[in-house]
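>>> The sequence and its predicted three-dimensional model are supplied below.
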Amino acid sequence: MKELQQQEALRLTSPYPYALLVTLDARDRPNIMGLSWWTFTSWDPLMIGVSVSTERYTHECLQHAKEFTLCFPSEQQAKDAWMCGTKSGRDVDKFKVSEFMPVHSTRVRPPMLEGATIAYECRVINEVQTGDHILYIAEVEAIHGNPDKHSHLYTIHYTKLISLGSDGSINMNPGR
């Protein structure tokens, strides 16, 4: 084995599961952020951690409302999902420039996204500073999904999305 630079290591360890984090801003307007830095942190109780840069608009939103939904966009939502990871909510109302439709959550204030494969409703219970990011640890309050949608999006090298089905099928151009 040889020592690698950070970018080469990131390239070699992709793909990463891609999700959409829905938060509320200081005016209680929903914002959508694309991210792949999420993980389960506990089974009992079920908890999820998401890592967000302190410079991101979503960080401001999470400081305002300590709740979020973590939605896994369907293959058909790939184009809009990618936009949510490349534009800032400071500058763009992502609901207005995409086909995403909010769905009322049952236990938290941020909405879920219609058509998502899975949506977790989460309440932040802890924050851990990790360099230039904060790891928000949240307890899962409710889980919703569409069992008929079995493909999830993954980011390759943080440059594009692919879709992988639970049956092993691969779509290199989802949402097109």
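That came in fine, so what should we check first? Small disclaimer: the values here were computed from a predicted structure and weren't measured.

>>> Direction included, what does the lowest-mean-pLDDT helix or strand in the chain pair against?
Scoring the helices and strands of the chain by mean pLDDT, DSSP states H and E places strand 170-171 at the bottom, with a mean of 85. Neighbouring strands of strand 170-171 in its sheet, by DSSP bridges, are strand 160-165 (antiparallel).

>>> contact partners of the strand it pairs with?
15, 18, 75, 78, 81-82, 150-156, 170-172, 174-175 (Cβ atoms under 8 Å, 6 or more residues apart in numbering). (C-beta placed from N, C-alpha, C; glycine too.)

>>> Go again with 7 Å.
Outside strand 160-165, the residues within contact range by Cβ atoms under 7 Å, 6 or more residues apart in numbering are 15, 18, 75, 78, 81-82, 150-156, 170-172, 174.

>>> Which of these are buried, as a ChimeraX select command?
A single ChimeraX command selects the buried members of these (16 or more other Cβ atoms under 10 Å):
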select :18,75,78,81,82,151,152,153,154,155,171,174
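
>>> Tell me which of the contacts of strand 160-165 fall in strands.
151-156, 170-171 (DSSP state E).

>>> ok, of those, which one's closest to V22?
Nearest to V22 among those is L153, at 15.5 Å by Cβ to Cβ.

>>> quick one: contacts for that closest one?
18, 73, 75, 78, 81, 161, 163, 174.

>>> Tell me which of these fall in helices.
78, 81 (DSSP state H).

>>> Could I get the contacts of L153 in CSV, plus columns for distance to K94?
Below are these laid out as CSV (distance: Cβ to Cβ, whole Å):
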residue, distance to K94
Y18, 15
P73, 12
E75, 19
A78, 15
A81, 10
L161, 16
S163, 20
P174, 18
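
>>> in this structure, which ranges drop under the pLDDT threshold?
Where the chain drops to pLDDT under 70, the residues are 176.

>>> show me where it has helices.
6-13, 57-64, 78-86.

>>> between the contacts of L153, which is closest to Y120?
P73 (13.3 Å).

>>> how near is the residue nearest to that closest one when sequence neighbours are not counted to E3?
Once flanking residues are discounted, P73 sits nearest to A81: 4.0 Å by Cβ to Cβ, 6 or more residues apart in numbering. Separation of A81 from E3 (Cβ to Cβ, to the nearest Å) stands at 34 Å.
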